[in-house]
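Novice: Pasted the sequence and its predicted model underneath.
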Amino acid sequence: MSGVAGVLLAAGLSSRMGAPKALLDWQGQPLVVAQTRTLREGGCDPVIVIIGHAADELRAALSAEDVVIVENSDYRAGRAGSVRTGARAVADDAEALLLLNVDQPRPATVVRALIAAWRAADALIVSPTFEGHGGHPSLFAGSLLEELRQVEDATQGLRAVVVRHAAARVLLPWPSAEVLLDLNDRAAYESARSGWASPPGTR
């Protein structure tokens, strides 16, 4: 194992999309599959997928993938629950974990760059930026696991961890807006498909 666990958050209701985001087509495959492959190709091992809404469909989509599937039974309560579930699924001795939302598709180059920047800087948190705007995903050092296992939506969830350790966070400038991409709704998805969902191996 690489020492960096990849945690893909794919439990949400997708209410604004009108269909499970994790099962949308991306590069000719379900988005959840594309994202697990991004994490694997980017250097994460193991890759852990947190599911909730449409759990049976996601399990079927991931049946051929080398991933650990963990169900968040309380996924309706908010995103922090999935972060806690993911952090608790990561081994205590993991060097780091990288948290990626299923509706924020990224190429493996972003993941590789975050891991490389973290190893070079020995930072607690590494996040990408584009033209001064904060992007995703973020990588968290293993020493923050216990904090991640306790996050609550009522106290700003993951953001609270980031704010607490701002002085030990490295911001990695990225040359394109792909680190800001977020498939919030159908319009954003259709726009992203035309602008970013290029075939594998071309980016």
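Specialist: In hand now; what should we look at? Numbers count the residues shown, from 1 in each chain.
Novice: In the helix or strand of the chain with the lowest mean pLDDT, which residues are buried?
Specialist: The weakest-scoring helix or strand in the chain, judged by mean pLDDT, DSSP states H and E, is helix 186-195 (a mean of 87). Judged by neighbour count using 16 or more other Cβ atoms under 10 Å, the buried positions of helix 186-195 are 189, 192-193. C-beta coordinates here come from the backbone N, C-alpha and C atoms, glycine included.
Novice: for the chain, what spans make up the strands?
Specialist: All strands of the chain, identified by DSSP state E, fall at 4-10, 25-26, 29-30, 47-51, 68-71, 96-101, 125-130, 133-134, 138-141, 169-173.
Novice: Would you mind finding the most buried of those?
Specialist: Among the strands of the chain, ranked by average contacts under mean count of other Cβ atoms under 10 Å, first place goes to strand 4-10 (a mean of 29).
Novice: Direction included, what does it pair up with?
Specialist: strand 47-51 (parallel), strand 96-101 (parallel) (DSSP bridges).
Novice: distance between the shortest one and the chain's centre?
Specialist: If I follow you right, that is strand 47-51. The chain centroid and the centroid of strand 47-51 are separated by 9 Å under Cα atoms, centre = their mean, to the nearest Å.
Novice: rewinding a little: so which of the strands of the chain comes closest to residue 80?
Specialist: Among these, strand 4-10 comes nearest to residue 80, with 10.4 Å by Cβ to Cβ.
Novice: Only C-alpha atoms, please: export the closest one in CSV.
Specialist: The C-alpha trace of strand 4-10 is given here as CSV (Å, rounded to 0.1, in the frame of the first residue of the first chain):
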residue,chain,number,x,y,z
VAL,A,4,-2.2,7.3,1.3
ALA,A,5,-5.8,6.1,1.5
GLY,A,6,-8.2,7.5,-1.0
VAL,A,7,-11.7,8.1,0.3
LEU,A,8,-14.5,8.8,-2.2
LEU,A,9,-17.6,10.3,-0.7
ALA,A,10,-20.5,8.9,-2.8
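Novice: Pipe the strands of the chain into TSV and attach mean pLDDT and distance to residue 16 per row.
Specialist: What follows is the strands of the chain, written out as TSV (pLDDT from 0 to 100; distance: least, Cβ to Cβ, whole Å):
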stretch	mean pLDDT	distance to residue 16
strand 4-10	98	16
strand 25-26	94	17
strand 29-30	96	19
strand 47-51	98	19
strand 68-71	98	23
strand 96-101	97	14
strand 125-130	98	23
strand 133-134	95	21
strand 138-141	98	23
strand 169-173	97	28
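Novice: Make CSV from these and add distance to residue 88 to it.
Specialist: Shown next, in CSV, are the strands of the chain (distance: least, Cβ to Cβ, whole Å):
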stretch, distance to residue 88
strand 4-10, 10
strand 25-26, 28
strand 29-30, 25
strand 47-51, 10
strand 68-71, 8
strand 96-101, 11
strand 125-130, 19
strand 133-134, 26
strand 138-141, 14
strand 169-173, 23
